Structure formats: structure tokens, C-alpha cells
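**Q** Predicted model follows, preceded by the sequence.
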Amino acid sequence: MIRKLYNLWPDRSILLRIGALQAVLAILQGLLLGLLVPILRALLQAEPDFQAAAPWLIAGAIGLLLYWVLTVIATPIGFAASMELAAALRHHVMRHVATLPLGWFTAANKARLARAVTADAGNIGHLAVVIGAPAIVSMLVPLTIIGVAMTLEWRVALVFLAIIPVALLTLRHSGRIASEADIELEEAATEIAGRAIELGQAQTVLRAAGQGQSGGIRMREALDEHRASYRRGLRRVMLPDLSYTAIVLGGFIAILAFSVYLLLSGSLALTDTIVLLVLAVRYLEPLGNLIELIGALRAMENAAVRVQSILDTPTLRYLPHAATALEHTGIEFENVTFSYGNTPVLSDVTFRCPAGSTTALVGPSGSGKTTVTRLIARFFDVDAGCVRVGGADVRQLDPGVLLNDIAIVFQEVYLFDSSIEENLRLARPDASSEELNEAARAARLDEVIERLPDGWQTRVGEGGSRLSGGERQRVSIARAFLKQARIVLIDEAASALDPENERAVSEAIARLARDRRRTVIVIAHRPATLVAADQVVALEGGRVAEIGSPTELRAAGGIFAKLYGQYEQARSWHIPRRN
Ligand SMILES: Nc1ncnc2c1ncn2[C@@H]1O[C@H](COP(=O)(O)OP(=O)(O)OP(=O)(O)O)[C@@H](O)[C@H]1O
């Protein structure tokens, strides 16, 4: 896993440089400690021999200087490398999610994504360097010290060596538990982030329903769970951590006891005993640090697993022989079956919208109308059957080709917090001002712009909050005109707009549909839109219940006739009639 991530490093030679530098630093540290042997031997005599110690002291000073210079060089290289890895990871993840089906973007996954590109990528980059360096030091310094101890007293050196396997075994166990605790804690943290996103998105709904507090309760639950898992984690890692510390301390006591025994039995000189004990302290210190390093290493590995799990999410697949242009603008559903996860939504849906026609999609709430439009724009892929646009399976169409020719007018129109002009230009950045004006006129947006304080340059607020729902929809319809899209998918507002917007939006939709160069599919709620359609596809429970012209279906007295009656009734309640 970690190797996979290291492969993402843009310039891997930098890793070799860091590794080599750290190895040199570690060996240098060990050798500097080795210099203690001749120095202490010369100085710890009854008559200290400064002359004998002097060359070793000079060598030590030069070694220390070299150590300092190498550390100064290593620090910025490590910093640059960690930034590079984090940036490469972030780009990689963002490129990947841009190709995922829209269904993937749930609140929980948005939270995972946010953590992956912020904390996780940053930690991986940082820890890769921060752990890498001391890990090399913590391995090489003890090994160098064992080499030095061998030259002094091989039997004590063996005690040094014997500590390693026992320590590593405990370390492995402790690392596994630390890793499990870290995974649990991270899951709780992601849950908090998901709830926070959900809470932000649902504010309007929660407040409107007087449920602002219950939103807070869900958040508090997540926070409590996070705190609890933190405490659980601490309790779980405490015992293995303490055992490891006990082994390291026990190791020192063993070295001390054995060295004193050898001293008392006359086989080890006092100076060598002191040197061995100094070496033992320096030997055990990096071993002691390993417990923290292993925790950080596991945390990094877990972060890498989380990032990798996003990178492993399958992207939309493209069938071979990609079509590079639409032959016509007809749309066909052939035995389409689709579910969101395990929830079946469409079953065996078949219908055809000839090029240039207008099709009204009707059906009770939840019957799958919006899903039909999403499948045409390939926000999701069908489970079975086939959706064809311009004669080609949408999975064969280059995404650019498909979306260039499709404009979508959603019920809830999202606008960016910039000017009306910029929001419109999204549809065609190179449009001339004449084309912008024409699109605005066609969508009856010109009347709205005239009223706004700064006209075209008026900022619309986040999500378009400074415009009414109907006005936002007019912007969206103007985008469709401007884009000159040959296929338009419209989700007509189900709730009644104010009379002025109602008329303007209906007129604009009718104008879009009148142009026979366009194929229009409209999820229709207004009797006027329904009557103007060439055909009606009525869905019920995810199946096609009726297909025919509006007149035929009204006469047939089925589901369409019933819905038509309901819509008419609803209109008569909501729209004040003027006589
Ligand atoms: N992203 C999603 N994930 C899971 N289920 C979904 C998702 N979107 C819609 N559904 C479910 O799929 C079913 C069909 O939804 P769809 O929005 O297509 O119906 P609709 O006919 O357009 O409804 P409405 O008229 O209320 O907008 C519903 O039961 C809905 O809850």
C-alpha cells in the first residue's frame, strides 16, 4: 500500500537522496558514540591522558560539524519532498473523483473526499518524511552501536542484540492495536465531518420544520462517539505500550547487571563498563522511540488505505468504439433497469423520443422521472438494457460529445455567487453579448435583468439566493438557449411559482420545445406543458404505464388522465384568476 503511494511521488530520486542522507546521519551518530570508547579510556585513568584523547576529540568535533551540516541539508529536502507527495496525491484523487458517477457523492463520501485531500494527503506527505528519517535512525543507530559494543565486549554486545527480537515482537502487537484504534477514531472523525456537511446542507429544511435542535443532536451524537472511541483507543493501546517500555527498561537492567557482573569478576575494565552503559542508554533510546514511530507509521498506512479506497472506486466505464458525434438527437430507452445501490428504481423501461420531438414524462412522485433524465445525461449507468442518444449507447459516447449536446434545466437551479452574465456564460464562455441578450430574451430573463440594480453584472448570491426560484429557472433556461443544445432535459417546477414567473417559465419552455431542431424531454407538471407535448410517457413504480399523445391518453382515462386532472385542480387552487 505504502509502496503504491510512494510510486505516486513525482520525483522519486528525491526519496533516494533523503534515504541516503538519513542513513549517513544514522551511521555518523553511531560512530560518534563509538569515539567515546578511546576518549573515555584515555580520560578515565588514574592519570588522565589528554594527548591520547586529543585526536579523538578533534575527530568528534569534525564529526559533529558534519552531522550538523548534513541535518541542515536534509531538512529542506524532506520538507519539499513531503509537499510534493501531498500535492501529487491531491491531484490524483481530484482527477479520479471527477470521473466517478454522481451517485458516489453522498454526504459521507463528500466527507471522506474532504479528509482525503486535506488531512490524509497532508499527513501522508508529512509522515512519509517525518517517519522515514527517524525510522532509519532508529534502526541504524542501534545496529552501529552493537558493532561498537562488539569491539569492547562481545558477551555484553549479545545482550544488546537479544533485546531486539523481544522488542520487535511487542512492537508488532502494539502497532496492530494502535492501528485498529486509529481506524476506529478516523471513522468517528469522518462521521463528524459527514454530519457537519449534512447539517449545513439541511439548515433551511431543519429550520423550516422547527427541527434545528435535532440536527444539533445528530451532530452531538457523532461528537460523543468520537470522544468515546478516543478513550477506548487510549485504553487499548496503554497495556502494549507499557509492556514495550518495560521491555526496553528491562533490557537496560539486563545490560547493567551483566556488565557489573563482568566487572566484579574482573573480566571487564571499569572504563569499558562505563562506556558500555553510556552506549546502552544511547542504544535503547531510539528503540524506545520506535513505539511512537510505529504508531505514526500505522496512522500513515491507514491514511494511505483511505486515500486508496477512493482511488479504487470504479469510474464510469466506456465501451469500445467511442462515438465522436451524435448522428441525430433521438433518444431511446431499451429495457432499462436501474437501481440506486440496492433500491430498484426503473424496471424494463422502453420508450423512444424521435429527434425534434417533445416528450412529457409524468408519474407520481418517486416513479423514476428524474432518474430517466439522469440516465440520459449519464450521471449513472444502467444495470441492464441500454440508453441510446443519437443512435449510440451513452456508454460509447465520449462524455464531451454527450454533454455538449445536452442542456439540463433542473427544478432546483444552482447558481454560482458571481454575476448573472458569468452564470450564463458557463453554458458558452465565448458567446457574444448579442447572443447573451438573445438567450436572455428567449428565456424572459431580460425582464429580470432590467430590474436588478447592476443589470447583467448583479451578483446572484451563493447558490443564486438573491433570485427567486422562478428567476433562477429562467437563468437555467437561458443557459440552454445559449448553449444551443440539441437535446434539452427539463424538470419543470412542481410547486406553483408566482403568476409572473409561472407564465414566463412556461413560455420559455414552450419556446425551447417549439424549435424542431431540438429534442426535449420535460418532467411536466403544468397542464399547458402536457398538452403541448408530442407524446407522453407515464411512469408508475419505475415501469412505463402508458405511452401516447396527450389527447389519446386523456381519452383513455388511465394514470395520465388522472394526473392531468390533479394538475388542473392544483393550478386552479394556486393561480388567482383574473376576470
Ligand atoms: N441519489 C439517490 N440515491 C438513492 N435513491 C434515490 C436517489 N435519487 C432518487 N432516489 C429514489 O429513487 C426513486 C425515484 O426517484 P426519482 O427522483 O427518479 O423520482 P421522480 O419520479 O422524479 O420523483 P419526484 O416527482 O418526486 O421528483 C425514489 O424512490 C427516490 O427516493
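**A** Here it is on my side, so go on.

**Q** right, and the helix or strand after the helix ranked longest in the chain?
**A** Under DSSP state H, the helix in the chain containing the largest number of residues is helix 212-264. Next along the chain after helix 212-264, taking DSSP states H and E as the criterion, comes helix 270-311.

**Q** Taking helix 212-264 as reference, get the angle to that following helix.
**A** Angle, helix 270-311 to helix 212-264, by axes from the mean of the first three to the mean of the last three C-alpha atoms, to 10 degrees: 150 degrees.

**Q** where's helix 270-311 relative to the chain centroid, distance-wise?
**A** With C-alpha atoms, centre = their mean, to the nearest Å as the basis, helix 270-311 stands 30 Å off its chain's centre.

**Q** ok, back up a step: chain center to the longest helix of the chain, what's the gap?
**A** Offset of helix 212-264 from its chain centre (C-alpha atoms, centre = their mean): 31 Å.

**Q** cool, and stretch 542-558?
**A** Relative to the centre of its chain, stretch 542-558 is centred 45 Å away, using C-alpha atoms, centre = their mean.

**Q** Any buried residues in it, and which?
**A** Across stretch 542-558, burial judged by 16 or more other C-beta atoms under 10 Å covers 542, 544-548, 550, 553-554. Heads up, the C-betas are built off the backbone N, CA and C, glycines and all.

**Q** sorry, back to before: could you list every helix and strand that the longest helix of the chain packs against?
**A** Judged by 3 or more C-beta pairs under 8 Å, 6 or more residues apart in numbering; DSSP states H and E, helix 212-264 is in contact with helix 154-201, helix 203-208, helix 270-311.

**Q** any idea of the angle the first one forms with helix 212-264?
**A** What separates the directions of helix 154-201 and helix 212-264 is an angle of 170 degrees, with the same axes, to 10 degrees.

**Q** related to what we said a few turns ago, could I get the average pLDDT for the longest helix of the chain?
**A** Averaging pLDDT along helix 212-264 gives 81.

**Q** Same check on stretch 466-483?
**A** Averaged across stretch 466-483, pLDDT comes to 86.

**Q** again with stretch 138-155
**A** 84.

**Q** can you check stretch 425-440 too?
**A** pLDDT averaged over stretch 425-440 gives 88.

**Q** Same check on stretch 51-70?
**A** Stretch 51-70 carries an average pLDDT of 90.

**Q** go on, stretch 331-348?
**A** 91.

**Q** Give me the pLDDT value at R514.
**A** 80.

**Q** if I look at it, how far off is V488?
**A** Noted for R514: a distance of 12 Å to V488, by C-beta to C-beta, to the nearest Å.

**Q** who's more crowded, the two?
**A** Ranked by neighbour count (other C-beta atoms under 10 Å), R514 and V488 place V488 first, with 25 against 11.

**Q** before we move on, what SS does T313 have?
**A** Here T313 is recorded as coil under DSSP: H, G, I helix; E, B strand; the rest coil.

**Q** Next, the closest residue to it other than its chain neighbours: phi, psi?
**A** Nearest non-adjacent residue to T313, counting by C-beta to C-beta, 6 or more residues apart in numbering: L100, 5.8 Å away. The phi/psi pair for L100 (degrees, to the nearest 10) reads phi -90, psi 150.

**Q** so what's L100 up against?
**A** 313, 315-316 (C-beta atoms under 8 Å, 6 or more residues apart in numbering).

**Q** Check what pLDDT it gets.
**A** We have a pLDDT of 83 for L100.

**Q** Among the buried residues of stretch 542-558, which lie within strands?
**A** 544-548 (DSSP state E).

**Q** coming back round to it: which among the buried residues of stretch 542-558 gets closest to the ligand?
**A** G542 (7.1 Å; C-beta to the nearest ligand atom).

**Q** Verify the contact between that closest one and S367 for me.
**A** Yes. Assessed by C-beta atoms under 8 Å, G542 is found in contact with S367 at 6.5 Å.

**Q** Can you name the helix or strand that the residue sitting nearest the centre point of the chain falls in?
**A** Per C-alpha atoms, centre = their mean, the C-alpha nearest to the average position across the chain is that of L113, at 1.6 Å. Secondary-structure assignment from DSSP H and E places L113 in helix 107-115.

**Q** Which elements pack onto the helix or strand following that helix?
**A** Heading C-terminal from helix 107-115, the first helix or strand you meet, by DSSP H and E, is helix 121-152. Contacts defined by 3+ C-beta pairs under 8 Å, 6+ apart place helix 121-152 against helix 2-6, helix 13-34, helix 36-43, helix 50-97, helix 154-201, helix 270-311.

**Q** can we see that at 7 Å?
**A** With contacts taken as 3 or more C-beta pairs under 7 Å, 6 or more residues apart in numbering; DSSP states H and E, helix 121-152 sits against helix 13-34, helix 50-97, helix 154-201, helix 270-311.

**Q** most tightly surrounded among the ones you listed?
**A** Most buried of these, by mean neighbour count (mean count of other C-beta atoms under 10 Å): helix 270-311, with a mean of 19.

**Q** Parallel or antiparallel, list what pairs with the following helix or strand past that helix.
**A** Downstream of helix 270-311, the next assigned helix or strand under DSSP H and E is strand 331-340. The strands beside strand 331-340 in its sheet (DSSP bridges) come out as strand 343-353 (antiparallel), strand 384-389 (antiparallel).

**Q** Include distance to the ligand when you put those into a markdown table, please.
**A** Below are the strands paired with strand 331-340 laid out as a markdown table (distance: least, C-beta to the nearest ligand atom, whole Å):
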| stretch | distance to the ligand |
| --- | --- |
| strand 343-353 | 4 |
| strand 384-389 | 14 |
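
**Q** Let me have those strands in a markdown table, extended by mean neighbour count and distance to D454.
**A** A markdown table is the format used below for the strands paired with strand 331-340 (neighbours: other C-beta atoms under 10 Å; distance: least, C-beta to C-beta, whole Å):
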| stretch | mean neighbour count | distance to D454 |
| --- | --- | --- |
| strand 343-353 | 18 | 40 |
| strand 384-389 | 19 | 39 |
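
**Q** And D398, how close does it get to F79?
**A** Taking C-beta to C-beta, one finds D398 at 42 Å from F79.

**Q** Show me where the stretch 451-579 of the chain has its strands.
**A** Using DSSP state E, counting those that start in this stretch, the strands of the stretch 451-579 of the chain run over 487-491, 519-523, 535-540, 543-548.

**Q** got CSV for these, with distance to the ligand and mean pLDDT too?
**A** Formatted as CSV, the strands of the stretch 451-579 of the chain follow (distance: least, C-beta to the nearest ligand atom, whole Å; pLDDT from 0 to 100):
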stretch, distance to the ligand, mean pLDDT
strand 487-491, 7, 89
strand 519-523, 6, 92
strand 535-540, 7, 91
strand 543-548, 12, 90
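
**Q** could you redo those strands as TSV and give each row distance to H173?
**A** Compiled in TSV, the strands of the stretch 451-579 of the chain are given as follows (distance: least, C-beta to C-beta, whole Å):
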stretch	distance to H173
strand 487-491	57
strand 519-523	59
strand 535-540	58
strand 543-548	57
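
**Q** residues contacting A26?
**A** 136-137, 140-141 (C-beta atoms under 7 Å, 6 or more residues apart in numbering).

**Q** Please report which of these has the highest neighbour count.
**A** Each of those was scored for neighbours by other C-beta under 10 Å, and V141 scores highest at 24 neighbours.

**Q** who touches that residue in this structure?
**A** The neighbourhood of V141, defined by C-beta under 7 Å, 6+ apart, consists of 26, 29-30, 286.

**Q** Over to I274?
**A** 40, 44.

**Q** at 10 Å instead, please
**A** By C-beta atoms under 10 Å, 6 or more residues apart in numbering, I274 lies in contact with 36, 40-41, 44, 259, 263.

**Q** do the same with I163
**A** 142, 247-248, 250-252, 254-255, 280, 283-284, 287.

**Q** Quick one, grab the pLDDT at it.
**A** 87.

**Q** roughly how far apart are it and the ligand?
**A** Separation of I163 from the ligand (C-beta to the nearest ligand atom, to the nearest Å): 56 Å.

**Q** I'm done for today, thanks for sticking with me.
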